[in-house]
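A.B. asks: please find the sequence and the predicted model below.
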Amino acid sequence: MNYKFNFLPVISNFDQLIAGALITIQLSLGAILIGLIIAVPCALAKTAGPRLLVWLVNIYVEVIRNTPFLVQIFFIYFSLPALGVRFDPNTAALVALSVNVGAYATEIVRAGIESVNEGQVEAGRALGLKGHQIFRYIVLKPAIRTIYPALTSQFIYLMLTSSVVSAISATDLTAAGNNIQSATFAAFEVYLVITALYFVLSLGFSGLFSMIERVAFRYPLAR
Amino acid sequence: MFRTFGPNEVWFIVSAVQWTLLLSAVAFAGGAIGGLVIALARVSPIAMLRYPALIFIRVFQGTPLLMQLFLVFFGLNILGVGINPWVAAAVALTLHASAYLGEIWRGCIQAVPPGQAEAAWALGLNYRDRMVSVILPQASKISVAPTVGFLVQLIKGTSLASIIGFVELTRAGQIINNATFQPLTVFSLVAALYFILCWPLSMWARHLEARFAVATQR
């Protein structure tokens, strides 16, 4: 092995990597937000909706969870234009990531809803709490606390999955690496640095999430 | 002009399923061996084994599979193996599966009640006998459902091998789409084929999980 490592192309183009990393973060945060907006009604429909709606949600969740994200994004970017729906690469990436994470989040939110004990709602009613108080303190807060760990690890997984959006030339962190790589041929060095950046991002976000967890979910141990 | 989308094109895509399956099987077999080593290292009493295994898992679970594929692909070239998508995909997915299965199986080993290991120790069994005869048989029962669940994730993961140029199901779809320009038909077919591979496994995993939950409730 007489390969000479050359990290100069990476260092001199680091601003491109930072710009790509920002797009990766934006895509991930946007997708988890839209994904939750999809997931909450889907989860409610799955637990309490009419049978037809349950079926439709089940089809959505199973199709997304049993096909690769790469095929989903190809479908959205290459196939939907045949039906007259056209996105630019970054929008297609956001749509694909949102639709993808929405299906996983549906299952997580459904588990959260089902974890709330019926008896506690009755106890709240017996104590004379009003409807919105019961929803806020007895249903919502414990449910969020239950789903929080699963949801945050889903977010990290989503962020790592988002590197695939470079395949449709969206301008994320991986795509920035592809550009530098094809201009400088320092492929291994470029992807090594990018991998390290993804690792730092996932460590950073999981650190941030556990900090939020410590502050926000001390209840009911302390208020 | 574009090629028309006919039986030959359908067959080209359908027959590419074998490469997806072969890659999944190789990665799963390699990942099972690697995963067992990682899992045992993670629960080892020796810190010199525990920490490297922990770092291995954290790195592979904290970075994108696509980057792992790229690094192995270009890394093997630096090592003089040359550019070979098949070898690179098999090696990268094996390492990936080793980390995930290692973490899953660590959990399963630790889910076996500690009294079992203590009783085996009190009976004078050595480490090897404790593991092989007492812990692992019980852990393997717990591990079936999550392992099948991961297999689905692995099959879906093999689609990324198409990005480094390995012709499996997704790449076959891209090739046919470039020739026929029927993206709606092509990618619907590709998605349907993945679904046919993955959905029965997902159902099976869910069935095993439900059955296990009933078994442990009693």
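C.D. replies: Now that the structure is in, tell me what you want to look at.

A.B. asks: residues of chain A that sit close to chain B?
C.D. replies: Within reach of chain B by C-beta under 8 Å from any C-beta of the partner chain, chain A has these residues: A:1, A:3, A:62-63, A:65-72, A:74-75, A:78-79, A:81-83, A:156, A:160-164, A:166-167, A:174, A:187-188, A:191-192, A:194-195, A:198-199, A:202-203. Just so you know, the C-beta spots here come from the backbone N, C-alpha and C atoms, and that holds for glycine as well.

A.B. asks: just the buried members of these?
C.D. replies: Buried subset of the residues of chain A next to chain B (neighbour count, 16 or more other C-beta atoms under 10 Å in any protein chain shown): A:62-63, A:65-72, A:74-75, A:78-79, A:156, A:160-164, A:166-167, A:174, A:187-188, A:191-192, A:194-195, A:198-199, A:202.

A.B. asks: contact residues of chain B facing chain A?
C.D. replies: B:59, B:62-68, B:70-71, B:74-75, B:77-80, B:152, B:156-157, B:159-160, B:162-163, B:170, B:173-174, B:177, B:183-184, B:186-188, B:190-191, B:194-195, B:198-199, B:202.

A.B. asks: for stretch A:171-188, give the mean pLDDT please.
C.D. replies: In this model, stretch A:171-188 has a mean pLDDT of 92.

A.B. asks: with adjacent residues omitted, what lies nearest to residue 138?
C.D. replies: You didn't pick a chain, so chain A it is. Distances taken as C-beta to C-beta, 6 or more residues apart in numbering or on different chains place A:Gly124 nearest to A:Ile138, at 4.6 Å, with adjacent residues excluded.

A.B. asks: that's the wrong chain, I wanted chain B
C.D. replies: Take B:Gln138 and drop its neighbours on the chain: the residue closest to it by C-beta to C-beta, 6+ apart is B:Val112, 4.7 Å away.

A.B. asks: contacting residues for the one you found?
C.D. replies: If you count contacts by C-beta atoms under 8 Å, 6 or more residues apart in numbering or on different chains, B:Val112 has them with B:135, B:138-139, B:142.

A.B. asks: any quick PyMOL command for the buried ones out of the residues of chain B next to chain A?
C.D. replies: Per 16+ other C-beta under 10 Å, the buried members of the residues of chain B next to chain A correspond to this PyMOL selection:
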select buried, chain B and resi 62+63+64+65+66+67+68+70+71+74+75+77+152+156+157+159+160+162+163+170+173+174+177+183+186+187+190+191+194+195+198+199+202
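
A.B. asks: which stretches in chain B count as helices?
C.D. replies: Under the criterion DSSP state H, chain B contains helices at B:7-15, B:17-42, B:47-61, B:65-78, B:85-111, B:114-122, B:127-129, B:136-157, B:169-180, B:183-217.

A.B. asks: what separates the second one from the chain centre, distance-wise?
C.D. replies: Same thing as helix B:17-42. Computed by C-alpha atoms, centre = their mean, to the nearest Å, the chain-centroid distance of helix B:17-42 equals 6 Å.

A.B. asks: same question, the third one
C.D. replies: For helix B:47-61, the distance from its own C-alpha centre to the chain's C-alpha centre is 18 Å (C-alpha atoms, centre = their mean).

A.B. asks: list the contacts of that helix.
C.D. replies: Helix B:47-61 has contacts (C-beta under 8 Å, 6+ apart) with A:199, B:38, B:41-44, B:68, B:95-96, B:98-100, B:102-103.

A.B. asks: any stretches of chain A with poor pLDDT?
C.D. replies: A:1, A:219-223 (pLDDT under 70).
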